[in-house]
Every structure is written in structure tokens, then in C-alpha cells.
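Participant: sharing a model that was predicted from the sequence below.
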Amino acid sequence: MINSVIWTRLLVLSTLVLAALSLPTVLKTEETKKNEQNDFNPELDDFVPADRYLTHDEMITWLQSIARRHPKIAKTFSIGKSEQGRELLVLELSHSIERGERDLLMPMVKLVGNIHGNEVVGRQLLLRTISHLIQKDNVDPRVTRLLNTTDIFFLPSMNPDGFVKAREGDCWSGGPEGGRLNANNIDLNRDFPDQFKPEDKLLRSQNELLQSRASETQAVMKWILDNPFVLSASLHGGAVVASYPYDGSGTSQQQGFYSAAPDDKVFRKLSQDYADRHPLMKRSDTCGVGFKDGITNGAYWYDLKGGMQDFNYVHSNAFEVTLELSCCKYAPAADLPAEWEYNRKPLLNYIASSHRGVRGLVVDKTTKRPIRSAYVHVFGIDKNITTTEKGEYWRLLTPGRYIIQSFAEGFVPSSSRNIEITDIYTEQLNFELEPTVHQKTITRLICD
Ligand SMILES: [Zn+2]
């Protein structure tokens, strides 16, 4: 008996030692082989090379092959084409894909890279994130849980025409030759309708909003407007900071004006959570420019009109933060392994933040049918969230006590409900709205 215990212990110990000794070697060999011999095969590999950028064609092939090999959790679709006809390809990752449709109340998150064609670290990090999640699914319980509860969408390159012009090692290019802009020299992050532009304030319908925008902007705008995204990030380079809405202000001040969004507290928390987990972002001397705690209000840094993050917040339910990830815009590929280490945890945590706050259903009290386009209002926050066609809503909030109410056209507003938000659980709060008397009368007349 004793012998057998000792033997078992030794066996375990030797296995551990062997594992400790051999595992890194095996991994290193595998990775070294892939990188040094450059034998990455986008048709066959779940890995992306750790220290080289994928070309546009390789990226498209790789994303499609991932979806082909992992059809239960991955799916690709195009949201449109660039001005020069390159695919704006999205990869969706979630266990709900196998179940046929998104689960009720499952939050949708999107991550967009490379809106500026020469800001490429985020583009590559999104590919690494996809690769990581695919490989860790059913291996790491946290990843399995994330994919089981979240619908994640990746658009690694929003500006592929700019990307093909950009050159590795070019840290600063801002002009047409450097690849920042699209093929028609439009800065896509200045091309969205803006709440502070007088001419854009008049735009009402989706068609009016879309008119005269670049193909890439139109494709992404439609995607934003047609889907109930809860959370979003846009990945940039040229600084290391998490920058949150608003990017614009109603002032003519170029910088130093704090243009707070109604959800300033939520945006600050999302940004701070990212910066705190990133070893360089939270330092105030990174890239030689100081950002206190690694975060900034967009307009306070510098005022810009027509940005994507403000559009998300003003025209949809999606809360978007701009993540500036590298001092050098087109950082040398040798920096990529370190960039992945800096950003892996912050990115995964950011995706999981879509589960913060409160969610629920708004239904008709009489028929129990979902109410589409109902409003969910939090007292003290001048931003209403609207429900999906299934009556779902997600309301990101920081911990604290809140009073929430729901209302919809044709229904009596709900009573005010108290709720306490913590950092531990996602709260669920459903509303049943009673049809107004007027509505009942009309229904009766039509039925008669
Ligand atoms: Zn940028």
C-alpha cells in the first residue's frame, strides 16, 4: 500500500517535472517552426503567427478556414466591401451558433480593428484573440463560459485598402500615402454622422444618415444600426490609452474640454478596467505623453467630429471605447508577442464586461408578447436603451443603487423599480407593461 502510494506520488511528480521541462520546449519548437520557417498555412492552422502580420488575403482565408473547421462556434459573413472591393469580413464566435440562434438575453459584443489602415497592432491582436478563444474552448473553463454566454463579433480590418498601402515600421504617417485613409482619402473615423455637426442633426432616417459616406463607413453604420450590440471597442495605434466618449463637443475648443456622455461613469469604468490590466497603459509616461491612469475623455484629449464611437452611443445601444494600443502605429512585427501579452487579459475582460449591469425582458402584460422598441430609463442618466424584437434589453451600469423604469408607445409606463448593481452578478429585471386604454379601444374596434 505504502509502496503503491509512493510510486503514485513519484509518478505524478516525475510527470509534472517532465511536463515542466518538456512542455515549453514543445510549444517553443512548434511556434518557432511556424514563425521561422514561415510555414503558416491559413487554410489549415488554428494558430496565427506570433510575430508577423497577416496580409489581407491571408487574413480572409484564415478567418474563413477557421469558420469551416469550427462550424459549431465560428461563422463568417461580409458586411460589405471597401472602395476597392476588398471584403469587410466579420467572424462571429459563440456557442449559440451551434444552437441555431443567439440565446435570449445573450449580449452581443463587437471588436473593430484597423479603421485607420496603418494602425495595425489591434488588427493582429484580434486575430490572436480569435485563435486563443478557439483553442481554449473546452480547455479553459473561463473561455468556455465566455463563449457560452456571449456573442462576439470581430471585424479585424475595417480599412483593408488603407492597410495594403501601409508599411511596417512606419510609426507616424497620417497622410494618404501612409495608409491611414481609405482609397478615396477619407478618414473613416471622421466620416460618421455627428451629433455636434449642425447639418447632421437634421438627418433622421437610416437612408439620410448613410448618404454620401464612404463604403466602409456605410457598411459599419448599417451593421451598428441593424444589430443590438451592447458593447464595442475600436482598436487604434499611435498612443497607449483607453479613450471614451464623447470624442466631440459643442465647443470650438480643440482640446482640454471634458465632453462627458450621460454614461460617463460606465465609460470611465470600462476604460479603467482595460488600463489597469495593461502594464504600459496605466503608466502615465508611455509614449512620452501622460494620460492620468491610462484613460482619457476623447474630446479632452483632442476634439474630433464624425468619429465611430460617438455614433455608436448616440445612434444605438452599443457602448464603444477607443483603445489606442501602441506608440508606433505600424509597430515592427517583432513587438507583436509582447503586445499580445499586454492586451490578452484586458481584451478578454473587456468582452466579459458586456455582462455587467442589468438585463431583462419587456413584455405586454396582457399577451405576454415581447415589446419591441420599448425604452428602459435609468433615473439620473439621460440615455435610454431600447429593446430588441424579442423584448430584450441590456443596461450597462457601474455598481450602485438605481431606479429603473420602462415605457413604450401604446403602454402605460411601468412603476419605478429599485435595483442594486454589484460587481458579482448580472442582475435580471423584467417589465410587464399594460396597454393603454386608448390602445384597447382601437384593438376592440378593429376586432369587431
Ligand atoms: Zn486611429
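Facilitator: Happy to help now that I have it. Residues are numbered from 1 along each chain as shown.
Participant: single out the residue in the stretch 51-200 of the chain that lies closest to the ion.
Facilitator: Of all residues in the stretch 51-200 of the chain, residue 116 sits closest to the ion, at 3.7 Å by Cβ to the ion. Any C-beta I mention is one placed from the backbone N, CA and C, and that applies to glycine too.
Participant: that residue: what's it in contact with?
Facilitator: 159, 162, 180, 181, 187, 188, 189, 236, 237, 329 (Cβ atoms under 8 Å, 6 or more residues apart in numbering).
Participant: could you redo the last one with a cut-off of 10 Å?
Facilitator: With contact set as Cβ atoms under 10 Å, 6 or more residues apart in numbering, residue 116 has these partners: 122, 158-159, 162-163, 166, 173-174, 178-182, 187-189, 234-238, 329.
Participant: filter those down to just the ones in helices.
Facilitator: Among the contacts of residue 116, the members falling in helices (DSSP state H) are 122, 162, 163.
Participant: any idea how far residue 280 is from the last one?
Facilitator: It stands for residue 163. 24 Å (Cβ to Cβ, to the nearest Å).
Participant: neighbour count for the two, which is higher?
Facilitator: Set residue 163 next to residue 280 and count neighbours by other Cβ atoms under 10 Å: residue 163 wins out with 26 against 18.
Participant: sorry, back to before: which among the contacts of residue 116 are in contact with the ion?
Facilitator: By Cβ under 5 Å from the ion, the members of the contacts of residue 116 lying near the ion are residue 236.
Participant: just the buried ones from the contacts of residue 116?
Facilitator: Buried subset of the contacts of residue 116 (neighbour count, 16 or more other Cβ atoms under 10 Å): 122, 158-159, 162-163, 166, 173, 178-182, 187-189, 234-238, 329.
Participant: picking up where we left off before, can you pull the pLDDT of the residue of the stretch 51-200 of the chain closest to the ion?
Facilitator: Looking at residue 116, its pLDDT stands at 97.
Participant: any idea which element it lies in?
Facilitator: For residue 116, there is no host helix or strand (DSSP states H and E).
Participant: what of residue 133?
Facilitator: helix 121-136.
Participant: just the C-alphas of whatever helix or strand comes next after that helix, formatted as PDB.
Facilitator: Using DSSP H and E, the helix or strand that follows helix 121-136 in sequence is helix 141-149. C-alpha atoms of helix 141-149 as PDB (Å, rounded to 0.1, in the frame of the first residue of the first chain):
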ATOM      1  CA  PRO A 141     -13.500  26.900 -18.300                       C
ATOM      2  CA  ARG A 142     -13.400  30.800 -18.400                       C
ATOM      3  CA  VAL A 143     -13.200  30.800 -22.100                       C
ATOM      4  CA  THR A 144     -15.900  28.100 -22.500                       C
ATOM      5  CA  ARG A 145     -18.200  30.200 -20.200                       C
ATOM      6  CA  LEU A 146     -17.400  33.400 -22.200                       C
ATOM      7  CA  LEU A 147     -18.300  31.700 -25.500                       C
ATOM      8  CA  ASN A 148     -21.300  30.000 -23.900                       C
ATOM      9  CA  THR A 149     -22.800  33.300 -22.700                       C
END
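Participant: pull out the buried positions in helix 141-149.
Facilitator: Buried residues in helix 141-149, counting neighbours by 16+ other Cβ under 10 Å, are found at 143, 144, 146, 147, 149.
Participant: got it, and stretch 370-380?
Facilitator: By 16+ other Cβ under 10 Å, the buried positions in stretch 370-380 come out as 370, 371, 374, 375, 376, 377, 378.
Participant: the stretch 251-400 of the chain: strands as residue ranges?
Facilitator: Ranges of strands in the stretch 251-400 of the chain, per DSSP state E, counting those that start in this stretch, are 295-297, 319-326, 358-364, 375-378, 385-386, 392-395, 400-407.
Participant: how far does the third one sit from its chain's centre?
Facilitator: Chain-centre distance of strand 358-364: 23 Å, with Cα atoms, centre = their mean, to the nearest Å.
Participant: among the contacts of residue 116, which ones are in strands?
Facilitator: 234, 235, 236 (DSSP state E).
Participant: now pLDDT too, for the residues you listed, in JSON lines please.
Facilitator: Listed next are the ones in strands among the contacts of residue 116 as JSON lines, based on pLDDT from 0 to 100:
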{"residue": "234", "pLDDT": "98"}
{"residue": "235", "pLDDT": "98"}
{"residue": "236", "pLDDT": "98"}
